[in-house]
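Student: no FASTA, just this:
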Ligand SMILES: [Zn+2]
């Protein structure tokens with residue numbers, strides 16, 4: 001028995017109600033699976049989705065979400081690396 005379950009047992013909680021085998025865990029997993037299925041279905045119904053960057057004043061648009069992510073994180077000039085470069089410049093940190 002792991003520490004989490006020992007603590008629960010000591011508190012009078014049935015260890016079977018927590019962790020991966022519990023009913024709550026199964027309910028959460030089923031809900032997450034359902035949410036993903038609904039989102040996937042929505043995208044299939046309307047394949048003409050446009051993904052907008054919206055980072056500060058940026059108005060770039062992409063047909064593919066992965067292209068948008070790459071736009072944001074690519075080295076050396078993506079929004080994310082630039083954000084951290086600017087933080088270093090602003091604080092004078094090395
Ligand atoms: Zn952008």
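Tutor: Received it, and whenever you're ready, just let me know what you need. Given the structure is predicted, the values throughout are model-derived calculations rather than measurements.

Student: from here on, contacts and neighbour counts on C-alpha atoms
Tutor: Noted.

Student: Please enumerate the helices of this structure.
Tutor: 3-10, 23-45, 65-73, 79-91 (DSSP state H).

Student: Now do the buried residues in the last one.
Tutor: Read that as helix 79-91. Going by neighbour count (16 or more other C-alpha atoms under 10 Å), the buried part of helix 79-91 is 79-80, 82.

Student: same question, the shortest one
Tutor: Judged by neighbour count (16+ other C-alpha under 10 Å), helix 3-10 contains these buried residues: residue 5.

Student: How about stretch 56-67?
Tutor: So for stretch 56-67, nothing qualifies as buried (16+ other C-alpha under 10 Å).

Student: now swap in stretch 21-36 and tell me
Tutor: Per 16+ other C-alpha under 10 Å, stretch 21-36 contains no buried residues.

Student: quick one: contacts of it?
Tutor: 16-20 (C-alpha atoms under 8 Å, 6 or more residues apart in numbering).

Student: Please apply the same query to stretch 50-59.
Tutor: Residues contacting stretch 50-59 (C-alpha under 8 Å, 6+ apart): 60-65, 68, 72, 79.

Student: go with 6 Å
Tutor: Contacts of stretch 50-59 with the rest of the structure, by C-alpha atoms under 6 Å, 6 or more residues apart in numbering, involve 60-63.

Student: Give me the subset of those lying in strands.
Tutor: Among the contacts of stretch 50-59, the residues falling in strands (DSSP state E) are 61-62.

Student: how far away is residue 88 from the ion?
Tutor: Here residue 88 is placed at a distance of 20 Å from the ion (C-alpha to the ion, to the nearest Å).

Student: Check residue 22 too.
Tutor: 43 Å.
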